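Peer 1: could you work out the structure for the sequence below:
(2 chains)
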Amino acid sequence: MANNNSPKSPDSEMLDRLFGDVTQLSDQELDALYDVVAPQEDPGEMIHRIAEKAAVTYRRQQKLPPEHVREALDSTRTQATLEGTRSALKHIVDAIKPPVLGPVGDPSYAFHKRSELTEEDRRLLDEQAKELAEDWEEKSDE
Amino acid sequence: MGRFENLNWDRLWKVLRLTAERCTRDGSRTFDCGVSADDLVEETLLAFWESPDALGWKQAKGSLEAFLAGVLQKKAIDHFRRQKFVAGSTSDADGPYATVRAPDTVELDAQAMSHWRALERLVTGHRDLEDLVAAAQMRPGGPNVNQEIGELMGKTPAQVSKLKIKLLAVPGVEELLYGKQQLAQEPRF
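Peer 2: Numbering: from 1, shown residues only, chains lettered A, B, ... in the order given. Alright, predicted model coming up:
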């Protein structure tokens, strides 16, 4: 492994030049990078788990967890009645919420950018709408 | 209001996780007998919460994110130092004896150039992203990254920020920046 005095690896140098100091990143940039590094990790869950561990240490010493531990626990406490449901739902909602930001070729992705529908997208949409209408008509005839 | 009220804990976790990833990026995935980026974050937060006075952090010292990122970096350095005393094979390219050879800056420069060329190839055809990559290489290297890149590109920092998110969506860029293996998944854009 490289020692701590060695020059930065090429990819670290590239990250620095493109993104700079992590603490200065905007929320959007931070989310995008985090999604690359740890897409499956729920920050709230992780914080809560570690804060709970610290709280247990205090309680074992017959002490009340201090303010910074209590704040972390309170802020990250899940309120779902079904255990784990909130987290699973959050993953789904988070996955579909962000807008499509890159150039797209597949119409099914292009639909997220409603303001940028191409003529081809429109033609496909119209065709699908027509097909759907025909299906409905067939069903109502039956 | 308490100094810990309204803290964005999710953001703090993300900042520390990315800082840890950068610290360990120059080394192997784990070091000092199996310490990973995840472990570094956990170690840092546990030290912070198990300290009754929050490691002495006060708002006057700057943001908690920056403070804890500094604590994490110090912990990483401690682990790297300890790693030097962990015995290993003399032929292990990642082992402690590998550092006997002085870092070859010419080789590293060549690798860095090759990484930038690879990034340029990935964004070929996207004019705005080509400009972004060129500007990132040219920027002076100060703390205001988006400002510097924006000045070179004639764009606002907010526009630069959006371009960087667009850059991450280009297939192959994540793998180049973080060395991740391409997973079989739907395109992200």
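
Peer 1: surely residue B:25 is in contact with residue A:12?
Peer 2: Yes - with contact defined as CB atoms under 8 Å, residue B:25 and residue A:12 form a contacting pair (5.2 Å). The C-beta positions use only the backbone N, C-alpha and C, and glycine is treated the same way.

Peer 1: and the strand or helix carrying residue A:55, what does it pack onto?
Peer 2: Applying DSSP states H and E as the criterion places residue A:55 in helix A:43-60. Applying 3 or more CB pairs under 8 Å, 6 or more residues apart in numbering or on different chains; DSSP states H and E, one finds that helix A:43-60 contacts helix A:67-75, helix B:9-25, helix B:37-50.

Peer 1: save the ones you listed as TSV, and put in mean neighbour count and mean pLDDT too.
Peer 2: TSV is the format used below for the helices and strands packed on helix A:43-60 (neighbours: other CB atoms under 10 Å in any protein chain shown; pLDDT from 0 to 100):
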stretch	mean neighbour count	mean pLDDT
helix A:67-75	19	92
helix B:9-25	23	90
helix B:37-50	21	93
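
Peer 1: quick one, which of those is nearest to residue B:74?
Peer 2: Proximity to residue B:74 (CB to CB) singles out helix B:37-50 among the helices and strands packed on helix A:43-60, at 9.1 Å.

Peer 1: next, the angle helix B:9-25 makes with that closest one.
Peer 2: 130 degrees (axes from the mean of the first three to the mean of the last three CA atoms, to 10 degrees).

Peer 1: what angle sits between helix B:37-50 and helix A:67-75?
Peer 2: Relative orientation of helix B:37-50 and helix A:67-75, computed by the same axes, to 10 degrees: 120 degrees.

Peer 1: how many other residues sit next to residue 35?
Peer 2: I went with chain A, as the question did not name one. The number of residues packed near residue A:35 is 18, by other CB atoms under 10 Å in any protein chain shown.

Peer 1: try again with chain B
Peer 2: Counted by other CB under 10 Å, the residues lying close to residue B:35 total 20.

Peer 1: dump the residue contacts of it.
Peer 2: B:43, B:79 (CB atoms under 8 Å, 6 or more residues apart in numbering or on different chains).

Peer 1: what's near enough to touch the residue minimising distance to the centre of chain B?
Peer 2: Nearest to the mean C-alpha position of chain B, by CA atoms, centre = their mean, lies residue B:22 at 3.0 Å. Neighbour list for residue B:22: A:12, A:15, A:22 [criterion: CB under 8 Å, 6+ apart].

Peer 1: show me the shaky parts of chain B.
Peer 2: Applying pLDDT under 70 to chain B picks out residues B:1, B:26-33, B:83-112, B:180-189.

Peer 1: and the helices in it?
Peer 2: B:9-25, B:37-50, B:64-83, B:105-122, B:127-138, B:145-153, B:157-168, B:173-178 (DSSP state H).

Peer 1: just chain A next, same as before
Peer 2: Under DSSP H, chain A gives helices at A:10-19, A:27-37, A:43-60, A:67-75, A:85-96, A:107-110, A:119-141.

Peer 1: so for residue B:126, which of those helices sits nearest?
Peer 2: Closest to residue B:126 of those, according to CB to CB: helix A:10-19, at 14.9 Å.

Peer 1: that closest one packs against which elements?
Peer 2: With contacts taken as 3+ CB pairs under 8 Å, 6+ apart, helix A:10-19 sits against helix B:9-25, helix B:105-122, helix B:127-138, helix B:145-153, helix B:157-168, helix B:173-178.

Peer 1: how about the helix holding residue A:55: buried residues?
Peer 2: By neighbour count on 16 or more other CB atoms under 10 Å in any protein chain shown, the buried set for helix A:43-60 is A:43-48, A:50-52, A:54-55, A:58.

Peer 1: want to throw those residues into JSON lines with pLDDT?
Peer 2: Formatted as JSON lines, those follow (pLDDT from 0 to 100):
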{"residue": "A:43", "pLDDT": "93"}
{"residue": "A:44", "pLDDT": "92"}
{"residue": "A:45", "pLDDT": "92"}
{"residue": "A:46", "pLDDT": "93"}
{"residue": "A:47", "pLDDT": "94"}
{"residue": "A:48", "pLDDT": "94"}
{"residue": "A:50", "pLDDT": "95"}
{"residue": "A:51", "pLDDT": "95"}
{"residue": "A:52", "pLDDT": "94"}
{"residue": "A:54", "pLDDT": "95"}
{"residue": "A:55", "pLDDT": "94"}
{"residue": "A:58", "pLDDT": "94"}
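
Peer 1: kind regards, and thank you for your time.
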